[in-house]
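Colleague: next input, structure requested:
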Amino acid sequence: MRLTRKRTLTTAGVAALSALAALTAPIVASGTAAAAAPCDYPAQKLDLTNWKQTLPTGSSGSPTEIKQPALATYSSNPWFMVNAACTGVQFRSAVNGVTTSGSSYARSELREMADNGTENASWSASSGTHTLTFREAFNKLPSTKPHVVGAQIHDSDDDVTVFRLEDTSLYITKGDDTHYKLVTSNYKLNTVYEGKFVVSGGKIKVYYNGVLQTTIAHTASGNYFKAGAYTQANCDNSSPCSSSNYGQVSVYKLAVTHS
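Modeller: Predicted coordinates for the structure are as follows:
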């Protein structure tokens, strides 16, 4: 049985509640029109200045891409939107989604850009230090082939290393070796974790929840980061072939540094 008690608010308590109300009150612009609420667009939850978004929609071989400055005030339900709790950004990609010309799988995924989103990012693994830190959770996996990629480093040719969930097994990949490093065999959907790629001196250090998992040799140029939901299933290997069969990732933090 839950007990309830009457309490008298102190002056300090009243002040604290007033401050909280001010923080959570709707933001209103001058005049009568309300300004954008902090849950309207993904760019209000993540700094997307130097990213572009690829959606699982569009025409065959040519999915929809959203770049800056449009990305700053863009949302697409349910593929790319602030999640219901207003704590992060939801990325969803169905098995029947539109794919790029170089892939047989659809994605709802961010691609790293440069110069305030006007140019494709492209950096060398042999010079400087390049870091992506992200906090995310896999929310749903497709049926039959429950595989989804949540973050990756890509070079000018192909993916270099990714965080890849297959059912309950979370892997760090290396090139075509999709099972290069098993991080955990007991991942539970909606579990938030922090991943990090640190690239310097021709090596990629990959971290999971602050612990170094592996170091991968890589000296190529043309590299860039990606994050979101890259579903590794399609209508040929997963059913039903519909938008109800999808992979979904929620991203709560996304930070890139280059030095």
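Colleague: show me where the protein has helices.
Modeller: Per DSSP state H, the chain carries helices over the ranges 11-24.
Colleague: low-confidence regions, it specifically.
Modeller: Low-confidence segments of the chain (pLDDT under 70): 1-37.
Colleague: most centrally placed residue in it?
Modeller: Geometric centre of the chain, nearest residue: G228, 3.2 Å, by CA atoms, centre = their mean.
Colleague: leaving out chain neighbours, which residue sits closest to A151?
Modeller: A227 (4.5 Å; CB to CB, 6 or more residues apart in numbering). The C-beta positions use only the backbone N, C-alpha and C, and glycine is treated the same way.
Colleague: would you mind measuring from that neighbour to R111?
Modeller: Using CB to CB, to the nearest Å, A227 is found at 9 Å from R111.
Colleague: mind checking which of the two has more residues around it?
Modeller: In this view A227 and R111 are compared by other CB atoms under 10 Å, and A227 has more residues nearby, 27 against 20.
Colleague: wouldn't the more buried one be in contact with E136 here?
Modeller: Yes: the pair A227 / E136 is scored as a contact, 7.3 Å apart, by CB atoms under 8 Å.
Colleague: joint contacts of these two?
Modeller: Counting by CB atoms under 8 Å, 6 or more residues apart in numbering, the shared contacts of A227 and E136 are 150-151, 251.
Colleague: distance to T144 for those residues - can I get that in CSV?
Modeller: CSV is the format used below for the shared contacts of A227 and E136 (distance: CB to CB, whole Å):
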residue, distance to T144
G150, 20
A151, 24
V251, 25
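Colleague: circling back to that earlier point, show me what the residue nearest to the centre of the chain is bridged to.
Modeller: E109 (DSSP bridges).
Colleague: report the contact partners of it.
Modeller: Counting by CB under 8 Å, 6+ apart, G228 has contacts 53, 80, 91, 93, 107-110, 150-151, 249, 251.
Colleague: again, 7 Å this time
Modeller: If you count contacts by CB atoms under 7 Å, 6 or more residues apart in numbering, G228 has them with 91, 107-110, 249, 251.
Colleague: closest to Y171 among those?
Modeller: Nearest to Y171 among the contacts of G228: V249, at 15.1 Å, using CB to CB.
Colleague: that closest one: neighbouring residues, count only.
Modeller: Residues near V249, counting by other CB under 10 Å: 29.
Colleague: distance of the nearest residue to it once chain neighbours are set aside from G247?
Modeller: Nearest-residue entry for V249: A229, 4.2 Å, with adjacent residues in sequence omitted and distances by CB to CB, 6+ apart. Per CB to CB, A229 is found 5 Å from G247.
Colleague: in terms of neighbours, single out the busier of those two.
Modeller: Neighbours were counted for A229 and for G247 using other CB under 10 Å; G247 has more, 34 against 29.
Colleague: relative to T73, how far out is the more buried one?
Modeller: Counting by CB to CB - G247 and T73 are separated by 26 Å.
Colleague: with E109 instead?
Modeller: 20 Å.
Colleague: neighbour count winner among the two?
Modeller: Counted by other CB under 10 Å, E109 and T73 do not tie: E109 has more neighbours, with 27 against 12.
Colleague: my read is that that one contacts K226, right?
Modeller: Yes: between E109 and K226 there is a contact at 5.5 Å, judged by CB atoms under 7 Å.
Colleague: what's the neighbour count on the residue nearest to L254 when sequence neighbours are not counted?
Modeller: Nearest residue to L254, sequence neighbours excluded (CB to CB, 6+ apart): L46, at 4.8 Å. A total of 20 residues lie near L46 under the criterion other CB under 10 Å.
Colleague: contact partners for Q213?
Modeller: Here Q213 is in contact with 172, 181, 183, 206-207 (CB under 7 Å, 6+ apart).
Colleague: circling back to that earlier point, in strands, which of the shared contacts of A227 and E136 fall?
Modeller: Filtering the shared contacts of A227 and E136 for membership in strands, criterion DSSP state E, returns 150-151, 251.
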